[in-house]
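> when you get a sec, could you give me coordinates for this:
(2 chains)
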Amino acid sequence: TQLLEQSPQFLSIQEGENLTVYCNSSSVFSSLQWYRQEPGEGPVLLVTVVTGGEVKKLKRLTFQFGDARKDSSLHITAAQPGDTGLYLCAGVRDMRFGAGTRLTVKP
Amino acid sequence: DAGVIQSPRHEVTEMGQEVTLRCKPISGHDYLFWYRQTMMRGLELLIYFNNNVPIDDSGMPEDRFSAKMPNASFSTLKIQPSEPRDSAVYFCASSYALGDDYGYTFGSGTRLTVV
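Reported below is the predicted structural model:
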């Protein structure tokens, strides 16, 4: 089982600020997925990163997969209260999730 | 598509009672997963099925837990007897396949409280 460590565990910011959260492992992943989970709901897939060094953008969200495919980051530009939630990374083949980063964006 | 449907949404039961959680995956999805989520342990994979066959149940905590998938449109997770430490949110998810192009679609979960 490949362990995924996410940091920070908690993050509270003001609307309009930028932020970056991280997903790290000592193992190489063939691909990683990022999910967002809102209170009372299941996680929802945001993106899959496959190639080392890959960068994907989803509106104000930018996802990067490390060159060695052991780490990934999620950068949010100009955060909004609607971005509040638990952000989870998961190994696609492993089907296991990191503990997540709980983001709160205050208006 | 109605998505992955789980029932009940909330369940409160007394210690020692049997609990059955239900899941209807998305039609056409060949993989079904059961996860448990707690603040302490995060999202844990309990078991997954491929074409109704259990593939990996190494995450099932102990013999009190069992899961079945009698057909492609229905799965159950049973806890017997239940204990207070089983209190958690249980999620069912389904996927068309395992691979880079496919993500898991989760249900809304069942919040289980064992008192």
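
> how near is A:Tyr22 to B:Gly42?
As judged by Cβ to Cβ, to the nearest Å, A:Tyr22 and B:Gly42 stand 16 Å apart. C-beta coordinates here come from the backbone N, C-alpha and C atoms, glycine included.

> quick check: bridge partners of the residue nearest the centre of chain B?
Among the residues of chain B, B:Trp34 comes closest to the average C-alpha position under Cα atoms, centre = their mean, at 3.0 Å. Taking DSSP bridges, one obtains B:Ile47, B:Cys92 as the residues bridged to B:Trp34.

> isn't A:Tyr87 up against A:Ser73?
No - counting by Cβ atoms under 8 Å, A:Tyr87 sits too far from A:Ser73 to count as a contact (10.8 Å).

> compare these two and say which is more crowded by neighbours.
Between A:Tyr87 and A:Ser73, counted using other Cβ atoms under 10 Å in any protein chain shown, A:Tyr87 has the larger neighbour count: 23 against 18.

> residues touching the closest residue to A:Gln14 other than its chain neighbours, list them.
When the adjacent residues along the chain are set aside, A:Gln14 lies closest to A:Lys106, with 5.4 Å between them (Cβ to Cβ, 6 or more residues apart in numbering or on different chains). Applying Cβ atoms under 8 Å, 6 or more residues apart in numbering or on different chains, we find A:Lys106 in contact with A:Ser12, A:Ile13, A:Gln14, A:Glu15, A:Pro81.

> among these, which ones are buried?
Among these, those scoring as buried are A:Ile13 (criterion: 16 or more other Cβ atoms under 10 Å in any protein chain shown).

> just the ones of the contacts of A:Lys106 in strands?
A:Ser12, A:Ile13, A:Gln14 (DSSP state E).

> show me what the closest residue to A:Asp71 other than its chain neighbours bridges to in the sheet.
Spatial nearest neighbour of A:Asp71, chain neighbours left out: A:Asn24 (4.5 Å); criterion: Cβ to Cβ, 6+ apart. Note on A:Asn24: beta-bridge partners by DSSP bridges are A:Glu5, A:Asp71.

> neighbours of A:Asn24, how many?
A:Asn24 has 16 nearby residues by other Cβ under 10 Å.

> now the closest residue to A:Leu19 other than its chain neighbours: how far from chain B?
Leaving out its chain neighbours, the residue that sits closest to A:Leu19 by Cβ to Cβ, 6+ apart is A:Ile76, at 5.3 Å. In this structure, A:Ile76 and chain B are 20 Å apart, going by Cβ to the nearest Cβ, to the nearest Å.

> intersection of neighbour lists for A:Tyr87 and A:Ser73?
Jointly contacting A:Tyr87 and A:Ser73 under the rule Cβ under 8 Å, 6+ apart are A:Val21.

> find the nearest non-adjacent residue to the residue in chain B that chain A sits nearest to, please.
As assessed by Cβ to the nearest Cβ, chain A sits closest to B:Phe106 within chain B, at 2.8 Å. Spatial nearest neighbour of B:Phe106, excluding adjacent residues (Cβ to Cβ, 6+ apart): A:Gly42 at 2.8 Å.
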